[in-house]
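Novice: Got a sequence here, can you model it:
(one chain, ligands or ions: 1)
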Amino acid sequence: MTAPPDNDVLWARALHFSHHGSPGLTGVSLGVREGEILAVSGPRGSGKSTLLRLLSGQLLPEPGGEVWFDSTPVHSMSALARERLRRDRFGWIEPRPGLVPELSAWENVALPLMLAGAPRREAKAAALEWLARLDIAALARKRPHALLQAQRQRIAFARALVGTPAVLFADEPTAPLHLADRAHVLRTLTTAARSHGIAVVLATHDPDTTALADRTVSLLDGRLVTTVHLPGGGTAQVPDDDPDPGTDHGTGGDPDHGTEGRAACSLSV
Ligand SMILES: Nc1ncnc2c1ncn2[C@@H]1O[C@H](COP(=O)(O)OP(=O)(O)OP(=O)(O)O)[C@@H](O)[C@H]1O
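Specialist: Alright, predicted model coming up:
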């Protein structure tokens, strides 16, 4: 077992996972630096959600796979330790906001802090600060049913950020939003994460979303692939065979080299 590089907050090697026998992820290795916004792109069913669930300790990789957070092996932690890690150091956003309907916006945001034992006054102050950062301070007292979908999703973002997690996992966070809302909501999220040094792992199949990331890795049929540009102007996606995240962070290295002899698994011209 090799310890990961110091500057990677999250590091994974040789991740394999099958959903009841059907392959979800095959040999994925990557690293995420502190404060980095990493997009995980790929078509539907390519393994993005499976990867995020493995990286966040919700799923365990098959034997031989490793996930490290802050130089601690997550893959060998007990279920309870992984649950604590997720609660204390990770944030999670899904396409559906999943707010508690009986609670106001600020109460929904403050909930993780109060469940962790923070005094109500302190939790409320933190919740109000995050609502202000996400441009929805005026909605603090409203209940979810009185809000628009985009506003509810911003509240879910604030709830995921309020504990200042080391890593925020966002799985298609803008999927339910109109196109016009998407860029604005995401820009607000990435700005807030950057200003607090929060690393974001963002699963998306939307090219406009990947444009906001510092770096993008692509999945196809459960494998990391690298996009290479063909002489005729098209592109091909070739498997990234490097099992070690190493210094290129599992992005497949230089797209102009080392692709000869590899089978292109997707072509578009
Ligand atoms: N609970 C499950 N049971 C069986 N197969 C599953 C399960 N979850 C995912 N899969 C399969 O694993 C593969 C990867 O799915 P995954 O949800 O990780 O992809 P994705 O890129 O996130 O897709 P989407 O964008 O649709 O969420 C797919 O073939 C999917 O059908």
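Novice: What does the pLDDT read for Ala263?
Specialist: In this prediction, Ala263 carries a pLDDT score of 31.
Novice: now swap in Leu189 and tell me
Specialist: 86.
Novice: list the contacts for it?
Specialist: Each residue near Leu189 by CB atoms under 8 Å, 6 or more residues apart in numbering is listed here: Leu134, Phe157, Leu161, Ala170, Pro173, Val200. Every C-beta, even on glycine, is put in place using the N, C-alpha and C of the backbone.
Novice: Let's see which of those end up in helices.
Specialist: Secondary structure assignment (DSSP state H) places Phe157, Leu161 from the contacts of Leu189 within helices.
Novice: so Arg96 touches Pro176, yeah?
Specialist: Yes - at 6.7 Å, Arg96 counts as touching Pro176 under the criterion of CB atoms under 8 Å.
Novice: quick one: the helices in the stretch 151-269 of the chain?
Specialist: Ranges of helices within the stretch 151-269 of the chain are 179-195, 207-210, based on DSSP state H, counting those that start in this stretch.
Novice: Tell me which of those sits nearest to the ligand.
Specialist: The stretch from the helices of the stretch 151-269 of the chain with the least distance to the ligand (CB to the nearest ligand atom) is helix 207-210; that distance is 12.2 Å.
Novice: Please enumerate the strands of the stretch 151-269 of the chain.
Specialist: 167-171, 199-204, 215-220, 223-229, 235-239, 266-268 (DSSP state E, counting those that start in this stretch).
Novice: In terms of mean pLDDT, which of the ones you listed ranks lowest?
Specialist: Of all these, the segment with the smallest mean pLDDT is strand 266-268, scoring a mean of 42.
Novice: Turn the contacts of Leu189 into TSV, including neighbour count and distance to the ligand.
Specialist: Compiled in TSV, the contacts of Leu189 are given as follows (neighbours: other CB atoms under 10 Å; distance: CB to the nearest ligand atom, whole Å):
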residue	neighbour count	distance to the ligand
Leu134	23	24
Phe157	28	19
Leu161	24	22
Ala170	28	12
Pro173	26	12
Val200	28	16
